[in-house]
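Enquirer: no sequence for this one, just the structure:
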């Protein structure tokens, strides 16, 4: 399996990896600065919802709904050159545009749809979105969909091009309950959950003989 990060880096940087829906090279939006905090919320999906029947056992209906919120800082003074011999941009419009275009269908898709409509095609399907993968460290590479984006531009050049901004991103994790088995997000989420299970097993709490918070597990059940 191809890794989405470089473990040789001294400090791993969070990123968004974009896998195009129609194939082609992936794109990576690397965070200039790692967020100071990362908020995650998990809501279990149970059969019967919150009101469980007293006569039935607790059962899962699907993977939990997980949301991730981060706030990014983008600063023109921290930018790297886009390639050998190419100067860095004087402002942060390219970085903001890279994030914002994740919310749009591509202009190529829109133009293709218009061409089909003009040719008399009556049934046009929705636009395919790319697979977006949020990476954080060496064990967290999880498919997500962006549910909210807001930006506060804080400083500008004389041309009013922004040079510093704070971006708030809200994401919902895409689980195997949300996509088909053929979708790239399916296997990515399975790997994400498997990594969690391995971490839980290595935490030393699976032994039946170990007491946790003063409770003897052998006396339960």
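Expert: Happy to help now that I have it. The shown structure was predicted, so the numbers you read here are calculated from the model rather than taken from an experiment.
Enquirer: Pull out the buried positions in the one helix or strand in the chain whose mean pLDDT sits lowest.
Expert: Using mean pLDDT, DSSP states H and E, helix 107-118 stands out as the lowest-scoring helix or strand of the chain, at a mean of 88. Going by neighbour count (16 or more other Cβ atoms under 10 Å), the buried part of helix 107-118 is 109, 113. Bear in mind the C-beta positions are built from the backbone N, C-alpha and C, glycine included.
Enquirer: Now do it: everything it contacts.
Expert: Residues from elsewhere that reach helix 107-118 (Cβ atoms under 8 Å, 6 or more residues apart in numbering): 124, 127-128.
Enquirer: Which helix or strand lies directly C-terminal to that helix?
Expert: Counting by DSSP states H and E, the next helix or strand C-terminal to helix 107-118 is strand 131-135.
Enquirer: so what secondary structure elements neighbour that following strand?
Expert: Packing partners of strand 131-135 (3 or more Cβ pairs under 8 Å, 6 or more residues apart in numbering; DSSP states H and E): strand 15-19, strand 141-156, helix 184-201.
Enquirer: Serialize those to TSV and add fields for mean neighbour count.
Expert: Formatted as TSV, the helices and strands packed on strand 131-135 follow (neighbours: other Cβ atoms under 10 Å):
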stretch	mean neighbour count
strand 15-19	19
strand 141-156	16
helix 184-201	15
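Enquirer: Could you export these to a markdown table, including columns for mean pLDDT and distance to residue 169?
Expert: Putting the helices and strands packed on strand 131-135 into a markdown table (pLDDT from 0 to 100; distance: least, Cβ to Cβ, whole Å) gives the following:
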| stretch | mean pLDDT | distance to residue 169 |
| --- | --- | --- |
| strand 15-19 | 96 | 8 |
| strand 141-156 | 97 | 6 |
| helix 184-201 | 93 | 18 |
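Enquirer: Show me how far the host helix or strand of residue 96 is from its chain's centre.
Expert: For residue 96, the enclosing helix or strand under DSSP H and E is helix 93-100. How far helix 93-100 lies from its chain's middle: 16 Å, per Cα atoms, centre = their mean, to the nearest Å.
Enquirer: what's the angle between it and strand 141-156?
Expert: Between helix 93-100 and strand 141-156, the angle comes out at 140 degrees (axes from the mean of the first three to the mean of the last three Cα atoms, to 10 degrees).
Enquirer: What is helix 93-100 packed up against?
Expert: Helix 93-100 sits against strand 27-30, strand 141-156, strand 162-173, with contacts defined as 3+ Cβ pairs under 8 Å, 6+ apart.
Enquirer: Pull out the buried positions in that helix.
Expert: For helix 93-100, the neighbour count (16+ other Cβ under 10 Å) marks 93, 95-96, 99 as buried.
Enquirer: out of these, who's nearest residue 69?
Expert: Nearest to residue 69 among those: residue 99, at 14.6 Å, using Cβ to Cβ.
Enquirer: Identify the residues contacting the closest one.
Expert: Residue 99 is in contact with 16, 29, 149, 167, 169, counting by Cβ under 8 Å, 6+ apart.
Enquirer: Any chance of those residues in TSV with distance to residue 114 as columns?
Expert: Formatted as TSV, the contacts of residue 99 follow (distance: Cβ to Cβ, whole Å):
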residue	distance to residue 114
16	29
29	29
149	26
167	31
169	31
